[in-house]
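In: Generate coordinates for the sequence data below:
(chains A and B)
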Amino acid sequence: MADTMQFDLVSPERRLVSVAAREVRLPGTDGDLTAMPGHAATIVTLRPGMVTVVDGAGTATEFAVTGGFAEINGDSVSLLAERGHPRDEMTQDVFNEMMQEAHRTRQAAEARGDDAGAEVVASAVKLLADMQALGTHIGLDPNQSTVPD
Amino acid sequence: MPSLKDLKNRIGSVRNTRKITKAMQMVAAAKLRRAQDAAEAARPYADRMAAVMAGLTSAAAGAEGAPRLLAGTGDDRRHLLVVLTSERGLAGGFNSSIVKLARQRAEELRGEGRDVTIMTVGKKAREQLRRDYSDRFVHHVDLSEVKRVGYENARSIADEILNRFAAGDYDVATLFYNRFESVISQVPTARQIIPAVVDDAAADGADAGGASGLYDYEPGEEAILAELLPRSIATQVFAALLENAASEQGARMTAMDNATRNAGDMIDRLTTQYNRSRQAAITKELIEIISGAEAL
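Out: Numbering: from 1, shown residues only, chains lettered A, B, ... in the order given. Next up is the predicted model:
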């Protein structure tokens, strides 16, 4: 079995990363998981969090994603994210913007109220919480972003 | 017979027009390249999304409790036509061909006694459809401030479409845009996005190529499908916007190329006419002088 697999991080606008990886750690909606070469074919949705890619030489690179999904094959991992940033690019500004978006999603869900159902609101609240956790994890302050009216 | 001065002015003004159309053609060519690159860059995401969706939808379609975005509302009485055009004209038949297709479809649906509502993206669709359908307009998206269409634009359009669907405003949504075939050929296209069309060929291809039936889904298939359907719609809108952007520049390039050539022909014609009248004037003067001398 090969010791590396192809890892692609793709946003709707362009392919962000395409490297050979030894392992990829993903923040799955139901819990974190690590994909290594030979992993069973799986499609998994992601929550906002950090994706860690370890290349053949053992160097780890981290990316922040705001959700999406990953397609895992035995020899490749394709991660489809609406937004993905390398960790060094994750400045407070970028993060604030992400937080604002999460806030807006929650407000929209709450505004829709009853016809949306509790699930939608709950998932939006969870999205916000996940975003906050992501920020804290990489040392950015989730409270700096202003909540839009 | 226009005077020499008139002719000279006209040649000058056609020459200026040619300069402008030539410049517009070159700008369009540069923009076309960028638009094509953007469309190219967006392809991996759209392809993967389509493959995954194909696997999921073919399994879920027809099943009990399939999401409404896939199964539909069980009705097809009310239609939403989303007409995507550009903000600017001078692009040949680009905008008219989309509008024509949309208009045809609207008339067809009306003829069948169905209810039609229209959502426009881009100023041109709105202008051209206003006279006949202004009472059917439900929403307009203005992209005139947007220099380069991004995924964010597509998502806000998709959100608008989805919110209206969730509110029960319509049963079927169709996108109208120009598919970019080549610089000289753009094909107006209608594409139904809600309920999602199960593409059997793509599903079969996915089964054969990637063994999509063998995937594990985490969380369950239904949960993933419910999450992916709205995204897939945003992706399709985005793809349509990019195709449209490339088509617009392609159409403008061709139109401006033609305009430049026409201006060139016109300059040639006017120059010939100018020279002829100039010579005629000279000849006339000579005749006058000679006959004046002879009379002496």
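In: where does B:Leu80 land in three-state SS?
Out: Assigned state for B:Leu80: strand (three-state reduction, DSSP: H, G, I helix; E, B strand; the rest coil).
In: ugh, wrong one, I meant A:Ala40
Out: In the three-state summary, A:Ala40 is assigned as coil, counting by three-state DSSP.
In: Excluding sequence neighbours, find me the nearest residue to it.
Out: B:Asp216 (5.9 Å; C-beta to C-beta, 6 or more residues apart in numbering or on different chains). Any C-beta I mention is one placed from the backbone N, CA and C, and that applies to glycine too.
In: Show me how chain A divides into domains.
Out: Here the domain parsing of chain A from automatic domain parsing is A:5-86, A:91-137.
In: Quick one: closest of these to B:Arg88.
Out: Distances from B:Arg88 to each of those were compared by C-beta to C-beta, and the smallest falls on domain A:5-86, at 22.7 Å.
In: what's the helix or strand for the closest residue to chain A within the stretch 1-150 of chain B?
Out: Across the stretch 1-150 of chain B, no residue is closer to chain A than B:Ala41, which sits at 3.9 Å (C-beta to the nearest C-beta). Assigning secondary structure by DSSP states H and E places B:Ala41 in helix B:4-60.
In: Summarise which helices and strands that helix is packed against.
Out: If you count contacts as 3 or more C-beta pairs under 8 Å, 6 or more residues apart in numbering or on different chains; DSSP states H and E, helix B:4-60 packs onto strand A:5-10, strand A:15-28, strand A:60-72, strand A:76-81, helix B:200-210, helix B:221-295.
In: Is any residue of the second one near chain B?
Out: Yes: shown here: strand A:15-28 in contact with chain B (C-beta under 8 Å from any C-beta of the partner chain) through A:15, A:28.
In: coming back round to it: please work out which of the domains of chain A is packed deepest.
Out: Per-residue neighbour counts averaged over each of the domains of chain A give the maximum for domain A:5-86, namely a mean of 19 (mean count of other C-beta atoms under 10 Å in any protein chain shown).
In: Ends of that one, what's the gap?
Out: The straight-line separation of the ends of domain A:5-86 (C-alpha to C-alpha, to the nearest Å) is 20 Å.
In: any idea how far A:Val65 is from A:Arg22?
Out: 20 Å (C-beta to C-beta, to the nearest Å).
In: nope, B:Val138 is what I meant
Out: 52 Å.
In: For the closest residue to B:Gln128 other than its chain neighbours, give me its contacts.
Out: Computed as C-beta to C-beta, 6+ apart, the closest residue to B:Gln128 that is not its neighbour in sequence is B:Val99, at 4.5 Å. Listed by C-beta atoms under 8 Å, 6 or more residues apart in numbering or on different chains, the contact set of B:Val99 reads B:83, B:85, B:124-125, B:128-129.
In: did I read that right, B:Val99 in a helix?
Out: Yes: the assignment for B:Val99, made by three-state DSSP, places it in a helix.
In: and the helix or strand that contains A:Gln100, average pLDDT?
Out: Secondary-structure assignment from DSSP H and E places A:Gln100 in helix A:92-112. Over the span of helix A:92-112, the pLDDT mean works out to 76.
In: Would you mind measuring the gap between the ends of stretch A:65-80?
Out: Its first and final residues considered, stretch A:65-80 spans 10 Å by C-alpha to C-alpha.
In: Give the rounded mean pLDDT of it.
Out: According to the model, stretch A:65-80 has a mean pLDDT of 87.
In: Do that stretch and chain B come into contact?
Out: Yes: in terms of C-beta under 8 Å from any C-beta, part of stretch A:65-80 sits within range of chain B, namely A:69, A:71, A:73, A:78, A:80.
In: ok now that stretch, how far from the chain's centre?
Out: Offset of stretch A:65-80 from its chain centre (C-alpha atoms, centre = their mean, to the nearest Å): 10 Å.
In: B:Val172 contacts B:Leu80, correct?
Out: Yes: in this structure B:Val172 lies within contact range of B:Leu80 using C-beta atoms under 8 Å: 7.1 Å.
In: Which one's more surrounded, the two?
Out: Remark: of B:Val172 and B:Leu80, B:Leu80 carries more neighbours, 24 against 20, as counted by other C-beta atoms under 10 Å in any protein chain shown.
In: Buried residues in the helix or strand that contains B:Asn163, which are they?
Out: When elements are defined using DSSP H and E, B:Asn163 is found to belong to helix B:151-166. Applying a neighbour-count criterion of 16 or more other C-beta atoms under 10 Å in any protein chain shown, one finds B:151-155, B:157-158, B:160-162, B:164-165 buried in helix B:151-166.
In: cool, stretch B:118-133 as well?
Out: For stretch B:118-133, the buried set under the neighbour-count rule, 16+ other C-beta under 10 Å, comprises B:118-126, B:128-129, B:133.
In: Turn those residues into TSV, including secondary structure, distance to B:Tyr177 and pLDDT.
Out: Conversion of these to TSV gives the following (DSSP: H, G, I helix; E, B strand; the rest coil; distance: C-beta to C-beta, whole Å; pLDDT from 0 to 100):
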residue	secondary structure	distance to B:Tyr177	pLDDT
B:Ile118	strand	14	92
B:Met119	strand	13	92
B:Thr120	strand	12	92
B:Val121	strand	9	92
B:Gly122	coil	10	90
B:Lys123	helix	15	90
B:Lys124	helix	12	90
B:Ala125	helix	10	89
B:Arg126	helix	15	89
B:Gln128	helix	15	89
B:Leu129	helix	15	90
B:Tyr133	helix	18	89
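In: Next to chain B in this structure, residues from chain A, please.
Out: Of all the residues in chain A, those lying near chain B are A:8, A:10-15, A:28-30, A:33, A:40-45, A:69, A:71, A:73, A:78, A:80, A:82, A:112, A:115-116, going by C-beta under 8 Å from any C-beta.
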